[in-house]
Every structure is written in C-alpha cells, then in structure tokens.
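Enquirer: Predicted coordinates and the sequence they were generated for:
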Amino acid sequence: MASSGRSYTLLHLSDTHFVDGGAPLYGRIDVEGPLAAALERLSASGRQIDAIVVSGDVADAGQLDAYRRARALLEPVADRLGAELVWAMGNHDQRQSFRAGLLDLEPSDRPVDTVAWVGGLRLIVLDSTVPGRQDGLIDRAQLDWLRRQWERPAPDGSVLVLHHPPIAPELALLDSVALRQSDELAQALAGGDLRLVLCGHYHYPTQALWSGLLTLAAGACSYSQDLLIDQSAMRAERAAQSFGLVRLEPGRVVNTVVPLAAGETLYELTAAELRRIVEPAPLAAGPAES
C-alpha cells in the first residue's frame, strides 16, 4: 500500500499522575495547573497536532476521579486541536477504573490493548502492566493480537505505544522496573510496518535504537528523576517536567523535548525582525566602469 506522503505531529505526554480530588501529588506537586498552562500555550501557538498520546501512569493511584480529572483537562484540548486522544495503561493505573473513567467501557481486568487511526497512521497501544508489580510484560495472547495487526497494512506506518520502555535506563535501579522479555516483543514486531515506539515510566526523556526501531521515552509531566545521583540510589525532584513533540514525515522522525514550564524571557523577535538579522544586506553598487 502506497504512502499518502502526509506528515503527522504527535503530542507525547507521560506520567501525569493525576490525583483523586485534585490534591497535590505527595502533598507538594500541582500536577494539573502546570500541564493546563503548557497546553494552553501549545494551543495558542497554532501548531497542528494530529494526536495526543498519553503513555501511561495517567493516575497516581488508579482512582476513578483522577481519570475523570485527566479526561476533563485533555479532552477539550484535543477537541480544539482536532486531535485524536490516545491513552495507555501504566503501572500506577488500575484497569477497571481506567476503562470506566477514560474509555467509557465496562470495568474489566483484561489488558487494555487498543488501535487508533489518524489518517493513514496507525497507533497501536499495548498494556505492558502486570497487576501488583512495577515492571512490565507483554503476554503471549497480546503478542498474538499484535501480530494480527500486520494483516492490515497502514499506508503511513504504525506507532507502538506502551508504558514500560524496552530500552535500558540511565539509572541502574530503574532496570528492575523495565519491560521484561522485550526480545519476544521485538519478534512480534518483525515483518510489520512499525516506525516508532513511544513509552514513558522512567520520568526523564531518553531515546535509543531498539531492535532497529527509534524508541522514545517521554519525560514526566509530574516530577523527574535526578540523573546525576549515585547509581545505588534514586531521587525524585520537582524539576525538568516535560513532554515530547514527535513529527513523523516521509522518511524522517523528529522528536523535540519541550519543558512544561515557561522560562524567563531574554529576548523576543518577530518573523520580520529575524529576517532582518539573518538575511544579508544587498551589496552596494560599485562605481560604473568607463
């Protein structure tokens, strides 16, 4: 099937950790206000966003009201942008309330695996969570389901969304909560039209080639990990919250990490002012030759 030649931009959010009743996370972190402000700035920027992808840990403790709050914040933004809204399960999420609060589905303990289409681009969501555990696993039934997706080619390829990264973490302690048996997932992806893997979980932005696939773990919207701490420890910090803007073009993928908080303005230029700076002035005419 021939590609449409279309480009797509995905807003990649992860680890929002919404809390029941809108209470501060850990009694200190407002997870709603900064995200709402950043999305307002994004909407005002005029950027075309084709899908908003939330790659897990939508809620901090899996409470129904937390999902309702996440939905109430993100659905109006998706509507304004004309974007598809895609949710993935994380290890902090709870399948029954996730289904009821975000997807209007009957509560169930089955993995939440879904497919969404944006034009000719397919977004495949795999539930990598294991109830009661922090690490991730894709079971055999899910892998069989994934293989069946390749029976229908996507004109502009596919993107896989899951919470647990199949790539090694920078912090050694996070290796214990990563995706297990990722080689089996790689085998199920062979022969498909996958272009990209989106994930979260690590609470800092990182990217790598995994089984030949560009794999992007988004930074967290709630809090981040201190990457310069001693490798025998972990330290969460209220700093460096971010999201990703992922641009898929024919033959190219560009990922940009965007800080959640706006910084102090040092200077600001209009397009006309920037052109005057970067475009060379016309050469002065020399004296006419006799």
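Expert: Great, that's in hand.

Enquirer: low pLDDT regions in the protein?
Expert: Within the chain, the segments meeting pLDDT under 70 span 1, 281, 283-290.

Enquirer: So for it, the centremost residue is which one?
Expert: Nearest to the geometric centre of the chain sits residue 12, at 2.7 Å (CA atoms, centre = their mean).

Enquirer: which residues pair with it across the strands?
Expert: Residues in a beta bridge with residue 12, per DSSP bridges, are residue 53, residue 244.

Enquirer: quick one, what contacts residue 122?
Expert: Neighbouring residues of residue 122 by CB atoms under 8 Å, 6 or more residues apart in numbering: 115, 116, 149, 154, 157, 158, 159, 193. Every residue, glycine included, has its C-beta placed from N, CA and C.

Enquirer: Please pick the buried ones from those residues.
Expert: The neighbour-count criterion (16 or more other CB atoms under 10 Å) marks 116, 149, 154, 157, 158, 159, 193 among the contacts of residue 122 as buried.

Enquirer: From residue 54, how far off is the fifth one?
Expert: It refers to residue 158. Going from residue 158 to residue 54 by CB to CB, to the nearest Å gives 18 Å.

Enquirer: does residue 198 really touch residue 164, like I thought?
Expert: No: between residue 198 and residue 164 there is no contact under CB atoms under 8 Å: 11.8 Å.

Enquirer: Flag every buried residue along stretch 224-239.
Expert: Residues of stretch 224-239 classed as buried by neighbour count (16+ other CB under 10 Å): 224, 225, 226.

Enquirer: What residues does the first one make contact with?
Expert: Which is residue 224. Contacts for residue 224 (CB under 8 Å, 6+ apart) come out as 203, 204, 236, 237, 238, 239, 240, 241, 242.

Enquirer: Which helix runs longest in the chain?
Expert: In the chain, taking DSSP state H as the definition, the longest helix is helix 64-81.

Enquirer: For that one, buried residues please.
Expert: 64, 66, 67, 68, 69, 70, 71, 73, 74, 77, 78, 81.

Enquirer: from what I can see the last one touches residue 49, true?
Expert: Yes: here residue 81 lies in contact with residue 49, judged by CB under 8 Å, at a distance of 4.5 Å.

Enquirer: what two of the contacts of residue 224 are the furthest from one another?
Expert: Greatest spacing in those, by CB to CB: 236 and 242 (14.8 Å).

Enquirer: mind listing the helices for the protein?
Expert: Remark: helices assigned in the chain by DSSP H are 33-45, 64-81, 95-103, 140-149, 182-189, 271-278.

Enquirer: Return the most buried member of these.
Expert: Comparing the helices of the chain by mean neighbour count (mean count of other CB atoms under 10 Å), helix 95-103 ranks first with a mean of 20.

Enquirer: give the contact list for residue 94.
Expert: 59, 61, 62, 63.

Enquirer: now residue 177
Expert: Residues near residue 177 by CB under 8 Å, 6+ apart: 91, 134, 135, 136, 164, 201.

Enquirer: From the residues you listed, list just the buried residues.
Expert: Buried members of those, scored by 16+ other CB under 10 Å, are 91, 135, 136, 164, 201.

Enquirer: Roughly how far does residue 209 sit from residue 253?
Expert: Look at residue 209 and residue 253: by CB to CB, they are 12 Å apart.

Enquirer: more neighbours, these two?
Expert: Neighbours per residue (other CB atoms under 10 Å) separate residue 209 from residue 253, with residue 253 holding more: 15 against 9.

Enquirer: Setting the sequence-adjacent residues aside, check what's closest to residue 90.
Expert: Once flanking residues are discounted, residue 90 sits nearest to residue 56: 2.7 Å by CB to CB, 6 or more residues apart in numbering.

Enquirer: Now do the phi/psi pair for that neighbour.
Expert: Per-residue torsions, residue 56: phi 100, psi 170 (degrees, to the nearest 10).

Enquirer: List the residues that contact it.
Expert: Residues near residue 56 by CB under 8 Å, 6+ apart: 14-15, 88-93, 128-129, 162-164, 199-201.

Enquirer: OK, contacts around residue 111?
Expert: Residue 111 touches 89, 95, 126, 127, 129, 139, 142, counting by CB under 8 Å, 6+ apart.

Enquirer: can you tell me how far residue 282 sits from residue 271?
Expert: Look at residue 282 and residue 271: by CB to CB, they are 20 Å apart.

Enquirer: Also residue 239?
Expert: To residue 271, residue 239 is 32 Å away according to CB to CB.

Enquirer: I appreciate the help and will end here.
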